[in-house]
Each structure stands twice: as structure tokens, then as C-alpha cells.
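Quick check, what structure comes out for this input:
(2 chains)
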There are 2 protein chains.
Amino acid sequence: MIKEIQNKIHTQIPMTKLMQVELKTLDDIKLITTAPLNININDKGTAFGGSLNTLTIISSWCMAYYISKKFNINDSSIVISKNETKFLRPVTKDIICNTFVPQKDELSQLKLSLDKKSRGSIIINAQIVEDEKVCVNFKGTYIIKKV
Amino acid sequence: MIKEIQNKIHTQIPMTKLMQVELKTLDDIKLITTAPLNININDKGTAFGGSLNTLTIISSWCMAYYISKKFNINDSSIVISKNETKFLRPVTKDIICNTFVPQKDELSQLKLSLDKKSRGSIIINAQIVEDEKVCVNFKGTYIIKKV
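Numbering: from 1, shown residues only, chains lettered A, B, ... in the order given. This next block holds a predicted model:
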């Protein structure tokens, strides 16, 4: 499933390929994604804030896409409606992002909304971590529509 | 000044060059920046949320850099500490971003802090607009340090 999603974003969202976003693993807890430092570097030799935010945005989008597939929705339109991002520490190595599977009650609520109204929204949390410290905290709201 | 800033970011932050970010004009009110739709497109044929957020982040960084130069700070370290972004409408054409010069009292406060403590923070607002409608609303906090 994650290779399919990676192919989809690399083909349809060229910036994710240029940034070299990779989907590494996905389990019941989280999706792990990465992007190399070298292409995503800034003037200070650390990771560029725009790349950090983009990695959290696309990883959370991938999570929403994965959820829609788990709900057996073949065709969906998934868009971000808002996000809040805190940059706590500079990232000095290749970028690693943990994107968390939402809680069961949040997923049930989304499913109910999708069944009733063919659309629903969900909050996705992601963190960029380095040496077990959180460098970036992201909270994004995504709208999923059946099309 | 804006060509100098554009050269700086294209040289030191490779993603801004890959995204084809351009600084167009700067006056007392705002900085206008652009990025083409084709390289910044998503699976829906509209502008990718990551690119939209990155354009607001780098444009606001450029505004903070410009302010530091106006304050005669030769060497500065400027980092984003947090942002809130609302995606109100899809962007269907080349992306245009307006980044607003902060109010005079906010600039005075920043100047005071930089003079006293060699560091200060400022909130920068940016909007992505299309056909005179706001598509993205961004508020970012930047920390400027003399180095």
C-alpha cells in the first residue's frame, strides 16, 4: 500500500518527487516518511522550514488517503483545510516524519460522516523527530469527499 | 534588493529554486512573490498545499530578512518558530503571494528588542490570492538574531 501511495504522489505531485519524499513504513500507530537533508537544506545548513512543513502536509495527506482506502472509498478528493505548525528545534540530519493514525473514535466519526454526507473531516498529527527529540509539531485538518 | 534576496534563497535554499519562487515587487505595503502552477501542481490539477505553504513561509522569511537589512543588521539568523495557515479556496493558476510589511509599531518593538537583546520576534502575514480572492491565509512568527 505505501509503495502505491508513494508512486501516486511522485507521479501526480511533482514537488514530492523533487523533495525526494519517501514512505518507509506504516503500522497501526504511525506512518514514517523521510526526505534527505541535502536537497531540503536552508541558508543555515539545517532543514528548510518550507520542506519541513511540506513533509508534514504530504505525510498527513497520505494518512488521510490511506484511511479513505481502508474505508473502501475508491475515488476521493482529499484537501487540507488548515494547519498549525510549531518549529521547536532545527533539523540537522535527513528528515524523519512520524504521522499518527487517528484514534478509533475519530475514525468512527469520520466514517459516519462519509456514509451519511459523502464527506467528512479529520485532524491528523505529525511530528518531525531527530535523536528522539521532537523538532516540528504539526496539526492539520483534512477534508475527505467521495467523488 | 529583491534580486539580491532572490539570488540568496535560490543559492542557499535549493527547494526555492526547484519551486521556481520569484520575488517580483516590494513597496511600503507588501512583497509580491510567485511560483508557477505546473511544477507546484497536485493530484487535483490545482496548487499543492505544500507548495502554497512553502511560498508563504519563504516569502515571509524574505520580508523578515528585508526588515533586518533595513535595520542595518549585516549578519542575522532568521528562523520561523510557528505558523497558522488556512486554505480557503483551491489555486487554479500560477501562484501569487502577497506578504505584508508589518505595522510601524511592530517594527519599532522589534528594533528595540534587537538593540537591547540582539534578538527579537515578529509576526508576518501573507496571503495567496487569485482573481482578487484570498485562497490562503498565513500568519508566521519569525525570530531574528544578530550573529
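
Can you list the buried residues in the lengthiest helix in chain A?
For chain A, the helix reaching the highest residue count under DSSP state H is reported as helix A:49-70. For helix A:49-70, the neighbour count (16 or more other C-beta atoms under 10 Å in any protein chain shown) marks A:49-68 as buried. Yep, even glycine has a C-beta here, placed from its N, CA and C like the rest.

Now do it: distance to the chain's middle.
Mean-position distance between helix A:49-70 and its chain equals 2 Å (C-alpha atoms, centre = their mean, to the nearest Å).

just stretch A:106-118 next, same as before
Taking the mean of its C-alpha atoms, stretch A:106-118 sits 20 Å from the chain's own mean (C-alpha atoms, centre = their mean).

Need the residues that contact it.
Stretch A:106-118 is contacted from outside by A:67, A:71, A:73, A:102, A:119-123, A:144-146, using C-beta atoms under 8 Å, 6 or more residues apart in numbering or on different chains.

and which of those is nearest chain B?
Nearest to chain B out of the contacts of stretch A:106-118 is residue A:145 (C-beta to the nearest C-beta; 10.7 Å).

Next, count neighbours for the closest one.
17 (other C-beta atoms under 10 Å in any protein chain shown).

for residue A:99, same thing?
Using other C-beta under 10 Å, the number of residues around residue A:99 comes to 26.

Just checking: what are the partner strands of the helix or strand hosting it?
Assigned by DSSP states H and E, residue A:99 belongs to strand A:95-100. Sheet pairing of strand A:95-100 (DSSP bridges) gives strand A:30-35 (antiparallel), strand A:119-130 (antiparallel).

Mind listing what's buried along the shortest one?
Applying a neighbour-count criterion of 16+ other C-beta under 10 Å, the buried positions in strand A:30-35 are A:30-33, A:35.

repeat for the longest one
Residues A:120-122, A:124-130 are the ones in strand A:119-130 that count as buried (16+ other C-beta under 10 Å).

so that strand versus helix A:49-70, what angle?
If you take axes from the mean of the first three to the mean of the last three C-alpha atoms, to 10 degrees, strand A:119-130 sits at 130 degrees to helix A:49-70.

coming back round to it: could you point out the helix or strand that follows the strand holding residue A:99?
Downstream of strand A:95-100, the first helix or strand assigned by DSSP H and E is helix A:104-117.

Within its sheet, name the partner strands of the top strand by length along chain A and how each one runs.
Under DSSP state E, the strand in chain A containing the largest number of residues is strand A:133-146. If you go by DSSP bridges, strand A:133-146 pairs up with strand A:76-87 (antiparallel), strand A:119-130 (antiparallel).

any idea of the pLDDT on residue A:138?
We have a pLDDT of 98 for residue A:138.

meant to ask about residue A:44
Residue A:44 carries a pLDDT score of 93 in this model.

Distance check, residue A:68 against residue A:103.
Relative to residue A:103, residue A:68 is positioned 17 Å away (C-beta to C-beta, to the nearest Å).

actually residue A:19, not the one I typed
29 Å.
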